[in-house]
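everything below, folded, please.
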Amino acid sequence: MTSPAPHTLIIGAGITGLVLAQALRKHHAASSSTGPVPFTIYERDPNPTHRGAGWGLTIHWALPDFEALLPVDLLARLPETFVDTAAVAEGLTGNFLLFDLQDGSERFRVPPNTRIRVSRERLRRLLMDGLDIQWSKTIAAIDTTTPSAVTASFTDGTTATGTHLIGADGSHSRVRTFLSPSPSNYILPVRLLGTSVPYSSARCASIRALDPFFFQASDPATDAFFWFSFLSVPVDPKEDRECQILVSWPFRKGFLGREEPVETPVQGERVGWMKEVTKGWVEPFRGIVADIPGGAEVKSLALEDWLPPAEGFESRDGRVTLIGDAAHAMTMYRGEAANHGIADVASLVREMFAEADADAPSPIDRDNPR
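Model prediction:
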C-alpha cells in the first residue's frame, strides 16, 4: 500500500509554530517541488492582532539555528523587527545586567556575544509572511486510528488530516492534554504586574546609559523583582520610546509587613501597588516605576512552568509531538522560551529530513519512547 504524502499539521501560530512553518516552506522551495506546501498551520486566535502588541525577546544562543531555518527573503528583513536599529548599527548587543535594588550595585552581567533584541509582535508579523494561517481553529480532539495518519478535530466542527501533528500551541497547550496524563502547569508562588509606557528620549537617556536594551534587578530585602526593557526606539529623538516595566513580588505572608499574601490588585489599583513595592529601592530604579502614568494599563501575568515527564509522552506511534512551551513551558526570562522553541524546531526539522533507513523509527518516536 502506498504511503500518504507527508503533510504536517502545525497547531499554534506563535513564534515556534511560525518558525517551523517557515522552515518547512524553505525546504519545500529548495526541493523544487511544484506540489502544495506539505503543511498547514492552525491558530485558535481569530486574527493576527487579537493578542495586542506583545513585548520583546532576545534571540542569542539559538540565533545560528534561527538564521538557518528562515527563508533568505525573511532573513534579509530581520532588521525590521529590531527594537533599536541604531544600537545594532553601533554594534551594541546588551549586557544582560542584574542590579541590587537596595544599593544599586551591579551583581551580574553576561559577556558580549552575538544576539539580537526584537519586538515579539514585529517578529511574529514577519514570520507570518507567505503563510496561509487558518484562524479561529481551536483543537478539540486527535484521532490516530487510521494507520500512518492523524486527524485533528476543531471546535468549529471542521477536521484536518495529515501524517504528523505538531503541538506548538504554547504554555496552555491543548495538544499536550491529549498526550500527557498530567498536562497542567505549575503556578509559581509569585505575582507579577507589567505595563508598556511611552517615555521621552530625554527621560530615557540615563536609562539607556545602563543598557541599550534591557536590565533586571532584585531586592534582597523583600525578594521583589524589577525588569526594564525598551520595546521600540525610534530613530527620531523627538519621538517617545516605548518601554516595558515589570514588577513582581513573592506571594507569601509578611511581604511589606502584610499579614496575608498580597494578591494581584484590580486594574485601577495596580500602578499604585507597583509604586508601593518600589519604595525601598534606590534610584534610578524607583524613579522608573514612579514615572508610570496613573492611567497606564497594567497586565497581570501568571508565572507558570511545566516539566515534561522523564519517560516522554504518548507520541501516537510517532505521529504527534510537542515543541516550544507546549513541550516545556517556562517562566519569562529575556525570551529564553523562544530560544528553546527555535532549538526544538531545528532538531525536529533535522530529523524530519534526515536520510534514514525506511524501517527506522519515526523521529518523534525516537524522542518520545514509550
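
quick one, domains of this structure?
For the chain, automatic domain parsing gives the domain ranges 8-77+129-186+305-367, 189-301.

of all those, which one is nearest Phe108?
For Phe108, the closest of these is domain 189-301, at 9.1 Å, according to CB to CB. (Each C-beta comes from the backbone N, C-alpha and C, glycine too.)

how long is that closest one from one end to the other?
This stretch, domain 189-301, spans 12 Å end to end (CA to CA, to the nearest Å).

how far off centre is it?
Distance, stretch centre to chain centre, for domain 189-301: 20 Å (CA atoms, centre = their mean, to the nearest Å).

model confidence over that domain, on average?
Throughout domain 189-301, pLDDT has a mean value of 97.

okay, helices next: where are they in the stretch 51-200 of the chain?
63-69, 72-76, 85-89, 120-128, 174-179 (DSSP state H, counting those that start in this stretch).

most tightly packed of those helices?
Mean neighbours per residue, mean count of other CB atoms under 10 Å, is largest over the helices of the stretch 51-200 of the chain for helix 174-179, with a mean of 21.

excluding its backbone neighbours, what's nearest Trp227?
Leaving aside its sequence neighbours, Trp227 sits nearest to Leu246 (CB to CB, 6 or more residues apart in numbering; 3.9 Å).

so which of the helices of the stretch 51-200 of the chain is nearest Thr34?
Nearest to Thr34 among the helices of the stretch 51-200 of the chain is helix 72-76 (19.5 Å), distances taken as CB to CB.

distance to Asp84 added to the domains of the chain, as a markdown table?
Below are the domains of the chain laid out as a markdown table (distance: least, CB to CB, whole Å):
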| stretch | distance to Asp84 |
| --- | --- |
| domain 8-77+129-186+305-367 | 10 |
| domain 189-301 | 4 |
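
and of those, who's closest to Phe99?
Per CB to CB, nearest to Phe99 of the domains of the chain: domain 189-301, 3.9 Å.

hang on, the earlier thing: out of the domains of the chain, nearest to Gly91?
domain 189-301 (10.6 Å).

where does the prediction get shaky in the stretch 1-150 of the chain?
Along the stretch 1-150 of the chain, the model assigns pLDDT under 70 to residues 1-2, 32-33, 52-53.

show me where it has strands.
With strands called from DSSP state E, counting those that start in this stretch, the stretch 1-150 of the chain shows them at 8-11, 39-42, 56-59, 97-100, 106-108, 116-119, 139-143, 150-154.

returning to that earlier point: could you grab the helix/strand/coil label for the residue nearest to Trp227?
The three-state label for Leu246, taken from DSSP: H, G, I helix; E, B strand; the rest coil, comes out as strand.

contacting residues for it?
Leu246 makes contact with Leu192, Leu193, Gly194, Phe225, Phe226, Trp227, Phe228, Leu301 under the criterion CB atoms under 8 Å, 6 or more residues apart in numbering.

farthest pair within those residues?
Distance extremes for the contacts of Leu246: the farthest pair is Phe228 and Leu301 at 15.5 Å, using CB to CB.

neighbour count: these two, which is higher?
Neighbour tally, Phe228 and Leu301, criterion other CB atoms under 10 Å: the higher count belongs to Phe228, 22 against 16.

can you get me the start-to-end distance on stretch 129-147?
Separation of the first and last residues of stretch 129-147 by CA to CA is 34 Å.

need the contact partners of it.
Taking CB under 8 Å, 6+ apart as the rule, stretch 129-147 contacts 11, 13, 18, 21-22, 25, 40-48, 71, 74, 77, 150-156, 158, 161, 165, 169, 174-175, 178, 316-317, 319-320.

touching, Gly335 and Ala62? I think so.
No - using CB atoms under 8 Å, Gly335 makes no contact with Ala62, being 9.6 Å away.

which of the two has more neighbours?
Gly335 (25 against 22).

what's the neighbour count on the nearest residue to Arg120 once chain neighbours are set aside?
Leaving out its chain neighbours, the residue that sits closest to Arg120 by CB to CB, 6+ apart is Gly54, at 4.1 Å. Using other CB under 10 Å, Gly54 is surrounded by 17 other residues.

could you check how far Gly54 is from Ala338?
Gly54 sits 11 Å away from Ala338, going by CB to CB, to the nearest Å.

equivalent analysis for Gln244, please.
Counting by CB to CB, the gap between Gln244 and Ala338 amounts to 15 Å.
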